[in-house]
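In: Fold the following and give me the result.
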Amino acid sequence: MTTFEAAGTTGPPNHNPTASGAESSVAGSGADSMPATPDTYEPDRTTEALAQQARQAVEALARRSDPAAFSELLRLSALVGECLGISARSLADGGSWAHVANAAGVTRQAAWSRWASGTP
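Out: Numbers count the residues shown, from 1 in each chain. Modelled structure (predicted):
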């Protein structure tokens, strides 16, 4: 079961685009200081915009000297690893493992070996 399936969603969660960024001005840590996130996925957001939002959130968590932030970064690391496999298999399904290899800067065989299986 993927992280998405466990969460009951079909894709990555979309953070509130009207929020002022990844950091919150609310004091404290954990869910109390994180902006609410809707369960809807906005496919019209560009890849670059989504990547920038993800970078900002990860960097904001990294700057916190908070055990909860560190735990969230660990969970995000596992999620990113899982999502790399999902994305690689999707790209290969739409083209070939050569496309995946080219994007990752590895050989076709290395890409297939790393991401072809649905289990880590």
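In: Roughly how far does Ala110 sit from Glu48?
Out: Per Cβ to Cβ, to the nearest Å, Ala110 is found 27 Å from Glu48. Glycine gets a C-beta too; all of them are placed from N, C-alpha and C.
In: Compare these two (neighbour count), which wins?
Out: Ala110 (14 against 8; other Cβ atoms under 10 Å).
In: thought the more buried one was touching Ala98?
Out: No - here Ala110 does not reach Ala98: they are 11.6 Å apart, not a contact under Cβ atoms under 8 Å.
In: Extract the C-alpha set from stretch 66-79 and format it as PDB.
Out: Output of stretch 66-79 as PDB, limited to C-alpha atoms (Å, rounded to 0.1, in the frame of the first residue of the first chain):
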ATOM      1  CA  ASP A  66      12.100  21.100  16.700                       C
ATOM      2  CA  PRO A  67      11.900  17.300  17.000                       C
ATOM      3  CA  ALA A  68       8.500  17.300  15.300                       C
ATOM      4  CA  ALA A  69       9.900  19.100  12.300                       C
ATOM      5  CA  PHE A  70      12.800  16.600  12.100                       C
ATOM      6  CA  SER A  71      10.200  13.700  12.300                       C
ATOM      7  CA  GLU A  72       8.300  15.300   9.500                       C
ATOM      8  CA  LEU A  73      11.400  15.600   7.400                       C
ATOM      9  CA  LEU A  74      12.100  11.900   7.900                       C
ATOM     10  CA  ARG A  75       8.500  11.100   6.800                       C
ATOM     11  CA  LEU A  76       8.900  13.400   3.800                       C
ATOM     12  CA  SER A  77      12.100  11.700   2.800                       C
ATOM     13  CA  ALA A  78      10.400   8.300   2.700                       C
ATOM     14  CA  LEU A  79       7.500   9.800   0.800                       C
END
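In: Strands along this protein, start to end?
Out: Assigned by DSSP state E, the chain shows no strands.
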